[in-house]
Structure formats: structure tokens, C-alpha cells
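> fold the following and give me the result.
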Amino acid sequence: MTGVPGLHVADHALLSHRLAALRDVATPSPRFRRLLAEIGAILTMEATRDLPTGMMKVTTPLTTMDHRVLAGPEPVLVAVLRAGLGLLDGAMQVMPDAPVGHVGLVRDEHTLKPSQYMLRMPPEVTTRGAILFDPMLATGGSAVAAVQRVKEAGAPRLRFVCVVAAPEGVLALRAAHPDVPIYTAALDERLNERGFIVPGLGDAGDRCFGTEG
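Just a heads-up that it's a prediction; the model follows:
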């Protein structure tokens, strides 16, 4: 799976350290939420590394200089509900002025197919594009569906951010949406017979909010 076009696996010591704690079955829900937000902030920085920039004059206490700044407004931040809310918290710390959207999808545990129950998108998505956040890229079904919904809402550019990805999900998302780059903290081994990522980190939504599947 190394060298897959459009797949970016972040290599950062602080990110890896937090991911180890996130995976740990003994990590309680409040700490899991905090770690997920911190990872969301780090991955947002990785996913926005190549945003277009320009130059502007900045006056410091000592002089005036040319400084690199964003050439346009920040992308819309879109959480895939519900686990994507954990990553969104961190992304909003990095880009507090960015508009926010939500895509509600639920996966049938038998067919593994997603169905939509909500879509709320700010109008700015048609000009700014969007970053989608979902901790798990497993079979790829939810990711493919979420990306399609945001494209249908008019987003001209999309990036997908997840914490852990399975090879099956990466291939499915790249096949369906080859124009959407994937940013992740880890590419894991495989999916099990229930469609869960191995070694993974369990059900991110249940662990984040302290609920039971």
C-alpha cells in the first residue's frame, strides 16, 4: 500500500504518541475525546499544508515586511457524524473561523452499507471546498457516500481526514473519488470479518462518547 497516489500517512512523533494512547483499550472516554481532538488538530495542519498562499505587508514593532498568508478563505470543516465530531473539535482550534458542516451516516452492521439521515452544509462550501473528518476509514462505504454528498452540495475541492485507515477503505475511496486526497495517522493491516479495522482502535463513536454499540 505504500506509494498509493493521494494517500498521506502523517509521520510525527507527537501524533504517534497520542495514537498509541487512543488505541489503548484502557483509555477512558474523557481522555479518548481529548486525544481525538488533539489528533484532529495535528491532522488538520497536515491536510492544509499546501493551501494556496500569497504575500501581504505586515508591520511589526520594528519594521514592515512581506509575509506569506492564505490566498483565500479557509475550507469548510465537515464532520461525518457522529465520531467525526471528536476530530472536528481539534480542527476548529486550528481554524476557528472556518464554517462547519455535518453529514449524518449510519452503517448497517449486517450489510456494512451506509444510509444518510442528515446533511447540513454552509453555503460557503461551493466556493471554499471542504475537509471531511471521520476517525475510521474501514470498508470505505461511509467515506465514499459522505464525499459524494458533499460534492453534490457543490464543493469544488475536498480532502478526507481520518485517524486510522484500512487498505480496503483506501482503495475504495481512491477508486470512487480519485480527486480526493486522504490524510491519516496510520495505515493499519486489514479488516476483520465484521468490517472493523485491525489493529484499529475499536468503535470510535462509542469510545468517544461513552456509549455502547
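> going forward, measure contacts and count neighbours with C-alpha atoms only.
Fine.
> who does the helix or strand of the chain with the lowest mean pLDDT pair up with?
Lowest on mean pLDDT, DSSP states H and E among the helices and strands of the chain sits strand 114-120, with a mean of 85. When pairs are called by DSSP bridges, strand 114-120 turns out to pair with strand 100-107 (antiparallel).
> tell me what angle the one helix or strand Gly86 maps to forms with strand 100-107.
According to DSSP states H and E, Gly86 maps onto helix 84-94. Following axes from the mean of the first three to the mean of the last three CA atoms, to 10 degrees, one obtains 160 degrees for the angle between helix 84-94 and strand 100-107.
> helices of this structure, start to end?
13-23, 29-47, 84-94, 125-128, 141-152, 167-176, 204-209 (DSSP state H).
> with distance to Leu191 added, can I get the ones you listed in a markdown table?
Shown next, in a markdown table, are the helices of the chain (distance: least, CA to CA, whole Å):
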| stretch | distance to Leu191 |
| --- | --- |
| helix 13-23 | 16 |
| helix 29-47 | 21 |
| helix 84-94 | 20 |
| helix 125-128 | 33 |
| helix 141-152 | 13 |
| helix 167-176 | 7 |
| helix 204-209 | 15 |
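> pipe those helices into TSV and attach mean neighbour count and mean pLDDT per row.
Shown next, in TSV, are the helices of the chain (neighbours: other CA atoms under 10 Å; pLDDT from 0 to 100):
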stretch	mean neighbour count	mean pLDDT
helix 13-23	16	97
helix 29-47	22	96
helix 84-94	23	95
helix 125-128	20	97
helix 141-152	20	95
helix 167-176	18	96
helix 204-209	20	90
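> and Thr64, which of these is closest to it?
helix 84-94 (26.2 Å; CA to CA).
> alpha carbons only: can I get stretch 98-116 in PDB?
Taking C-alpha atoms only, stretch 98-116 is exported to PDB below (Å, rounded to 0.1, in the frame of the first residue of the first chain):
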ATOM      1  CA  ALA A  98     -14.000  28.200   9.300                       C
ATOM      2  CA  PRO A  99     -17.700  27.400   8.600                       C
ATOM      3  CA  VAL A 100     -18.800  24.000   9.800                       C
ATOM      4  CA  GLY A 101     -21.000  21.300   8.100                       C
ATOM      5  CA  HIS A 102     -22.300  17.900   9.100                       C
ATOM      6  CA  VAL A 103     -23.100  14.700   7.300                       C
ATOM      7  CA  GLY A 104     -25.100  12.100   9.200                       C
ATOM      8  CA  LEU A 105     -24.500   8.500   8.100                       C
ATOM      9  CA  VAL A 106     -25.300   5.200   9.800                       C
ATOM     10  CA  ARG A 107     -23.800   1.900   8.800                       C
ATOM     11  CA  ASP A 108     -25.900  -1.300   8.800                       C
ATOM     12  CA  GLU A 109     -23.800  -3.800  10.800                       C
ATOM     13  CA  HIS A 110     -25.100  -6.700   8.600                       C
ATOM     14  CA  THR A 111     -24.700  -5.200   5.100                       C
ATOM     15  CA  LEU A 112     -22.000  -2.700   6.100                       C
ATOM     16  CA  LYS A 113     -23.800  -0.200   3.800                       C
ATOM     17  CA  PRO A 114     -24.300   3.500   4.900                       C
ATOM     18  CA  SER A 115     -27.500   5.400   4.800                       C
ATOM     19  CA  GLN A 116     -27.900   9.200   5.300                       C
END
